[in-house]
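# What follows is a predicted structure for the sequence shown.
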Amino acid sequence: MLLKVKNEGDFLRQVLIAGNWKMNKLIDETEEFCREFLPLVEDISKVEVLICPVFTSLYPMQELFKGSKVKIGGQDAFWEPRGAYTGEISPAMLLDAGCSYVIIGHSERRQIIGESNVIVNRKIKAAMEAGLNPILCVGETLQERENQRALEVVKEQLTESLQDIDLGEKPLVVAYEPVWAIGTGVNASSDDAREMTGFIRKHLARLYNEEIAAATRILYGGSVKEDNIRDFLAEEDVDGALVGGASLKANSFARIIRAGEDG
Ligand code: 13P
């Protein structure tokens, strides 16, 4: 049976379905999406819905989503609050534009821009201090998987990205996104997702404690579509999804959300 709310002891983990739009959509395309999307998700009450558009679309999106439960988030944030950092954006600025979440350490930033775990760690600290909920992305490349190094790589990403971060008060979301499944149409199998999300929760328990591990939401990302979302959500340690391509169309994203809602 598909669980709408993952229940582990005293902890309820609300399913989170998040859209990562990456570098897509102009403001008028964002507005068109929002107008089409809102009526499709009006009655969604169990699933937490989040969209992370490009920075230029944040403010118009928050205006259009006012009065709805759909949340918005940034795709990245710098670790300093302000100053001479050309091209960067601070967590406080994202909050100012209506964000409650921010994606940190997406594999495209790690691979294309060269972000290290040390940078990811600084960004998570800054986001949390400012009051944003970070979504920490982890995941192995195809080569790392083929070399049987997937667990080791994800363990290192978690350990180093969370160094000196107190999760006692501040909730964290972890997104497991195997690099080889992103934008390829080749999603991880349920077995792969089960193994890695279970491993992530166990490692969080080692880094922190069982309570924090049980309260942390873990998402799967990588070629999520309406026809595979149910398989992922049925896994015990998968508490939602981070959706790229399929979140760009109002209809397909709404159908993914509804799969979580209807269970
Ligand atoms: P796709 O859903 O397009 O594979 O992208 C996944 C992703 O990178 C979400 O952050």
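In hand now; what should we look at? Because the structure is a prediction, the values reported are computed rather than measured. Numbering: from 1, shown residues only.
# Tell me the bridge partners for Ile218.
With DSSP bridges as the criterion, Ile218 is bridged to Val174.
# Let me know how buried the closest residue to the ligand within the chain is, in neighbour terms.
Of all residues in the chain, the one sitting closest to the ligand is Gly244 (2.2 Å; C-beta to the nearest ligand atom). Glycine gets a C-beta too; all of them are placed from N, C-alpha and C. Number of residues near Gly244 (other C-beta atoms under 10 Å) recorded here: 21.
# Per-residue confidence, it, what does it come out as?
Looking at Gly244, its pLDDT stands at 98.
# Which residue, neighbours along the chain excluded, lies closest to it?
Counting by C-beta to C-beta, 6 or more residues apart in numbering, Gly244 lies nearest to Asn20, which is 5.3 Å off, once chain neighbours are set aside.
# Residue ranges in this structure under the pLDDT threshold?
Along the chain, segments meeting pLDDT under 70 span 1-11.
# Strands of that one, start to end?
Secondary structure of the chain, counting by DSSP state E: strands at 5-8, 11-14, 16-20, 48-52, 71-74, 99-104, 133-138, 173-176, 217-221, 240-243.
# ok so, going back, and the residue of the chain closest to the ligand, what does it touch?
Gly244 sits next to 19-22, 182-183, 221, 224 when contact means C-beta atoms under 8 Å, 6 or more residues apart in numbering.
# Surely Thr184 and Ser223 touch.
Yes. Between Thr184 and Ser223 there is a contact under C-beta atoms under 8 Å: 6.1 Å.
# neighbour-wise, which of these two wins?
Between Thr184 and Ser223, Ser223 has the larger neighbour count (other C-beta under 10 Å), namely 20 against 12.
# wait, doesn't that one sit right on Pro178?
No. With contact defined as C-beta under 8 Å, Ser223 does not count as touching Pro178 (9.6 Å).
# Show me which residues of the protein are close to the ligand?
20, 106, 177, 182-183, 221-224, 242-246 (C-beta under 6 Å from any ligand atom).
# on that earlier part again, for beta bridges, what are the partners of the residue nearest to Gly244?
Taking DSSP bridges, one finds Cys52 as the beta-bridge partners of Asn20.
# contacting residues for it?
So, once contact is read as C-beta under 8 Å, 6+ apart, Asn20 ends up touching 52, 75, 103, 106, 221, 242-244, 247.
# Over to Ser45?
69, 261.
# Show the contacting residues for Pro91.
When contacts are counted by C-beta under 8 Å, 6+ apart, Pro91 touches 77-78, 81, 102, 126-127, 129-132.
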